[in-house]
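In: Here is the input, now give the coordinates:
(chains A and B)
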Amino acid sequence: MTPGLTGRIRARVVAAARVLPFLLAETARSFISFLLFSLILFLAIAVSIGWVALPYAINLLDRWAEANRRWIGTHIGRAIPSDHAPLTGNWFERAHAMLRAPSVRRDLAWLVGHGVPGFLITLTAVALPLGAVNAILIPAYWWVLPESEPASSAFEVTSWPLAWATLLLGLAYAAVAVWLLPLVARLRVWWSVRWLGRGQTQHLSQQVTELTASRASALEAHGAELRRIERDLHDGTQNKLVGVVMHLGILERSLGREPEQVRPLLEKAQAAATTALSELRDVVRSIYPPVLDEHGLDGAVANAVARCPVPCALDTDGLRRAPTAVESAAYFVVSEALTNVAKHSRAGQAWVTITTRGTSPDERLVVEVRDEGVGGAEDAVGGTGIAGIRRRVGAFVGVVELSSPDGGPTMLRVELPCGS
Amino acid sequence: MRVVIAEDDALLREGLVLLLNNEGIEVVQAADNANDVLARLEELRPDVAVLDVRLPPTFTDEGLRAAIRARTLIPGLPILVLSAYVEDRYATDLLAGGAAGLGYLLKERVGKVATFLDALDRVVEGGTVMDPEVISQLMVRQRRDDPIENLTPREREVLALMAEGHGNTHIAASLFVSETAISKHIGNIFAKLDLAPSDSGHRRVLAVLAHLRAR
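Out: Now for the predicted structure:
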């Protein structure tokens, strides 16, 4: 025997000993799986009452599978991703989802293997080392037992040659156990990962579904944004320019007839052209404020806060980068809200908080603008600011909450999904 | 002439009133939405209604729908629809119930006051006015073996003016040719396009538009 071989044998024994607690726990779990499987089988066969109760049992299976994902995940040191939410809704909805969901079928397949052959194999595996210990110890105690109840392993031990034979048998058991235990442990892990874990194909198809959904909502947001820009250009700039053209037309007709009318018409046309320009500038800025590009969202908002005539505190803790369109909308919300604060609130202090909540794909930009002013922003006459905010945020399927009782304070809270 | 107006933009509404008043045309109602106009239509009995296409509340095609409603309230009521942009699709909807006394113009045409007043007059007299933009949208659509290809450039010019709703006199004046020459061109066009000749202005427009759309 070389030292290397001794080392290897020792390593294998240690490995086998290490998986023993896991296998003992797995034996117990297999037994529960077996009971659960029997229950489901019974309910499936016992037509009337069984079918009513079946969805509840499947719900139980769902939770049991989830627990096993956790245990196996802890054992192998990496999480087994769960691919389905627990069944919800009323009995019919659950039954319907249950029959349709491939995940439920996979859980059932897992349960059968886990509870029936799995139970037997694991029981055998954990029995081996116990049998080995018993067989090895027999030479030490068989002679104290009464002849009517002899010690027994594979056979009854009634003489020293038989006792030594059990010793050899015990060593053989131990050898088999050392070889078999890690194998069974691997088999169990493989089985659970195979059926409980998301299959590669399933994982990919899930990803495709998620991407398709997020792409569709991105396109939807994009479309809503284009409609908003079109509206702004149409209602503002375009109409004002038509006004310019119209007043120039009237002016042209007046030149000969009523020269005294020319000057006010010229002034009207000029005023309309100036308004058109300023509205055009607003639309351009709303598409993508240049300051966002130069300073990022926090810098841009810091500028807006600094410009605000009402003293304003800014908190951008936990703010992460978001898609350009989302940052642009968030900036728009803050500047509109601050314009409202300056114009209507009569507040002595305002607060702006911007932060990122949640993780992809539920990541959201949360904007809060508060002031201790006179409130009443809901039914303010010039409520176009709030309407603009709602429209802009609506394009991203975001949420606008406005609380502004008469007498204040006013609190505007906007959540913008960042998309995934 | 007595006019009602539905235009939501205050600047344009007041501008229109000023423009028409300056020309001695009475504006009996200037509203910022279509419903107010429809509500008083039978009471006011205007000679013509000037409607913006996009009006509150939805800012889509309220003006067009109001035009159709108005014509059911007062059959044959002359209506001039103004729009920030024109769509031949909208023109189709508008003309679906007959083309007599209907006009469809880009808003900025108002700036050429003489042309605008001429259009208004033609509509009031039961004619049809189509914005040149609508006609050019229809004309640019190309197709192989299109009978329009067989028209001479001059005949195409005449076709476009005809589709805009102009009469022979006006077409002759715009192209600096005699009315007899125009009649000859129109005869050729109708023959080449396989259209039944028609003298009545708006029927002619309908026939030409139908032909252009059907391509």
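
In: Three-state assignment for residue 8, please.
Out: If you meant another chain, say so; for now it's chain A. Three-state call for A:Arg8 (DSSP: H, G, I helix; E, B strand; the rest coil): helix.

In: nope, chain B
Out: Here B:Asp8 is recorded as coil under three-state DSSP.

In: what do you get for B:Pro46?
Out: coil.

In: Torsion angles phi and psi at B:Ala96?
Out: Backbone torsions for B:Ala96, taken as degrees, to the nearest 10, come to phi -60, psi -30.

In: What residues does the residue of the stretch 151-300 of chain A found nearest chain B make contact with?
Out: Nearest residue of the stretch 151-300 of chain A to chain B: A:Val245, at 3.4 Å (CB to the nearest CB). (Glycine included, C-beta is placed from N, CA and C.) Taking CB atoms under 8 Å, 6 or more residues apart in numbering or on different chains, we find A:Val245 in contact with B:Glu108, B:Val110, B:Gly111.

In: swap in A:His222?
Out: By CB under 8 Å, 6+ apart, the residues touching A:His222 are A:Ala325.

In: Which one (most neighbours) among the contacts of A:Val245?
Out: The most neighbours of any of the contacts of A:Val245, using other CB atoms under 10 Å in any protein chain shown, belong to B:Val110, which has 26 neighbours.

In: So that residue sits against B:Val17, correct?
Out: No: look at B:Val110 against B:Val17 with CB atoms under 8 Å: they stay out of range, at 11.9 Å.

In: ok, which residues in chain B are in contact with chain A?
Out: Neighbours of chain A within chain B, by CB under 8 Å from any CB of the partner chain: B:9, B:11-12, B:15-16, B:18-19, B:22-23, B:54, B:59, B:84, B:107-108, B:110-114, B:116.

In: Report the buried members of the residues you listed.
Out: The neighbour-count test (16 or more other CB atoms under 10 Å in any protein chain shown) marks B:9, B:11-12, B:15-16, B:18-19, B:22, B:54, B:84, B:107-108, B:110-113, B:116 as buried among these.

In: pretty sure B:Asn168 contacts B:Lys184?
Out: No: counting by CB under 8 Å, B:Asn168 does not reach B:Lys184; the two are 10.7 Å apart.

In: Which one of the residues in chain B is closest to chain A?
Out: Residue of chain B nearest chain A, by CB to the nearest CB: B:Gly111 (3.4 Å).

In: Find the helix or strand that residue 37 is a member of.
Out: Went with chain A since none was named. Element membership of A:Phe37 [criterion: DSSP states H and E] is helix A:3-45.

In: my bad, the chain I had in mind was chain B
Out: Applying DSSP H and E, one finds B:Val37 within helix B:34-44.

In: quick one: buried residues of that helix?
Out: Buried, per 16+ other CB under 10 Å, within helix B:34-44: B:Ala34, B:Val37, B:Leu38, B:Leu41.

In: What average pLDDT does it get?
Out: For helix B:34-44, the mean per-residue pLDDT is 94.

In: Repeat that for stretch B:149-165.
Out: Computed over stretch B:149-165, the mean pLDDT rounds to 86.

In: if we look at it, which residues are touching it?
Out: Contacts of stretch B:149-165 (CB under 8 Å, 6+ apart): B:103, B:122, B:127-132, B:135-136, B:138-139, B:148, B:170-171, B:174-175, B:182, B:185-186, B:188-189, B:192-193, B:201-202, B:204-205, B:208-209, B:212.
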